[in-house]
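Student: Compute the structure for the input listed below.
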Amino acid sequence: MLSLSIVTGAITAITTIIPLILKHYPGISISRIETLVTISSLSALLTILFNNKLVEKFGLKKTILSGLVIGMIAGVIPFFNNDYLVFFISRIILGLGVGMYSPHAITLISILYKGSERANLLGVQMGVGAFGNSILLFFSGWLAKMNWHYTFFTYLWLGIVALLVWLLVPEVHIDKIKDKKSTKSLSHSTIKYLILSFVTFIIIWGVQLKIPTFLYERGIVSSEKAGLILGVMNIAGMLAGLSFGLMYKKFKLFLLPIGFLLAALSVFGMINSYSWMMIFIFAVLFNFVYSFTGPTIVLQVNQQVEEYQLTKVNSLITMTTILSSYAAPIVWNNLSKIIDFKEGSVLVPMYIMILSLFFCGLFLMCYTTYKLRYKGE
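Tutor: The predicted model follows:
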């Protein structure tokens, strides 16, 4: 089941070769080349949106396996035929496949495990997801050194995962998911957590988006140093995911506001640092403490819905992740245009991030205290 998390970020595996693709298609604009990445995310939203219907019709395991096989085949097609139109269509099909399996990296854990085991595995799942993204990017970059066409063999990982799922993951029968056929809608609490999930990812995408520009405004123009910070931030996120079960057992619901508040302090420390090393430390610290928020939100959502709703809510969580990655550049880049700030354009969104994090943290601290005192966890 955890191997499924390794390939949830398969869409971005070709990011490392965008300059090489641009060189191969000299008559095509960079925006159209970048579309080869983004179009997969858009088509993934389509199958994520209808994932609940697919699971009801074909079953959970068959939906996952179909998505993995479709993604693998579509992913390697450009190796054999890299005509731009064929390339573009194959990326659309890849996204459809990814949308069929990616939400169920969480759903399988939520259905088959309960209590502390579920909390531990959801944290590990987040960590494995971050690790998997790094592995896919490293593997594609390594293949590109030989020939950029070889990068598409990265998608053979999906076939390996499909084999593991087929052999080792138990079948989850459809009647187990919809044994209470109901029109019951999601609770207000669940919807609030989904909105919070979107805001949470908007902020973390924003920090990662702004770090290279922030370094530049601090006089640090090395792309290698920016890449190192972002790489180690992912490792910190992985370590946070691996330790999530232990941390949640210790702090329970308070882990969510604590994560927001410590993240705010980390960003504040970052923007008041002028040496690369101090910025590096605060950026890594930010990703570590902030990475406790995502699994806590996912765990809370999965604990408070009926079992037949798990596919639906985890598809919605996956959609918030994808949509936030699109919205983050629009939101944070436009803030700099709306507000004129003499010290540097990148500081405007970062100050707003601090205020947003503090607001979420303090609000959730009060809400959590009330919930534990009057209603129980």
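Student: where does the chain have low pLDDT?
Tutor: Within the chain, the ranges that satisfy pLDDT under 70 run 173-184, 223, 336-345, 372-377.
Student: Spatially central residue in it, please.
Tutor: Centrality entry for the chain: nearest residue to the mean C-alpha point is Thr321, 5.3 Å, by Cα atoms, centre = their mean.
Student: OK, contacts around that one?
Tutor: 197, 201 (Cβ atoms under 8 Å, 6 or more residues apart in numbering). Yep, even glycine has a C-beta here, placed from its N, CA and C like the rest.
Student: in what helix or strand does it lie?
Tutor: helix 310-338 (DSSP states H and E).
Student: Okay, buried residues for that helix please.
Tutor: Buried residues in helix 310-338, counted by 16 or more other Cβ atoms under 10 Å: 310-322, 324-325, 327-328, 331-333, 335-336.
Student: Same question for stretch 364-371.
Tutor: For stretch 364-371, by 16+ other Cβ under 10 Å, it's 364-365, 368.
Student: Mind checking which of those land in helices?
Tutor: In this view, the buried residues of stretch 364-371 that belong to helices under DSSP state H are 364-365, 368.
Student: any chance of those in a markdown table, with distance to Leu65 too?
Tutor: Converted to a markdown table, these look like this (distance: Cβ to Cβ, whole Å):
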| residue | distance to Leu65 |
| --- | --- |
| Leu364 | 38 |
| Met365 | 43 |
| Thr368 | 39 |
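Student: how far is the helix ranked longest in the chain from where the chain is centred?
Tutor: Longest helix of the chain, by residue count under DSSP H: helix 115-146. Mean-position distance between helix 115-146 and its chain equals 11 Å (Cα atoms, centre = their mean, to the nearest Å).
Student: Kindly report the same for stretch 281-294.
Tutor: 14 Å.
Student: which residues are contacting that stretch?
Tutor: 126, 130, 197, 200-201, 203-204, 207, 211, 229, 232-234, 236-237, 239-241, 244, 247-248, 255-256, 258-260, 262-263, 266-267, 269-270, 273.
Student: Tally up the residues packed near Phe138, please.
Tutor: 13 (other Cβ atoms under 10 Å).
Student: ok, so what distance separates it from Thr154?
Tutor: Distance, Phe138 to Thr154, using Cβ to Cβ, to the nearest Å: 10 Å.
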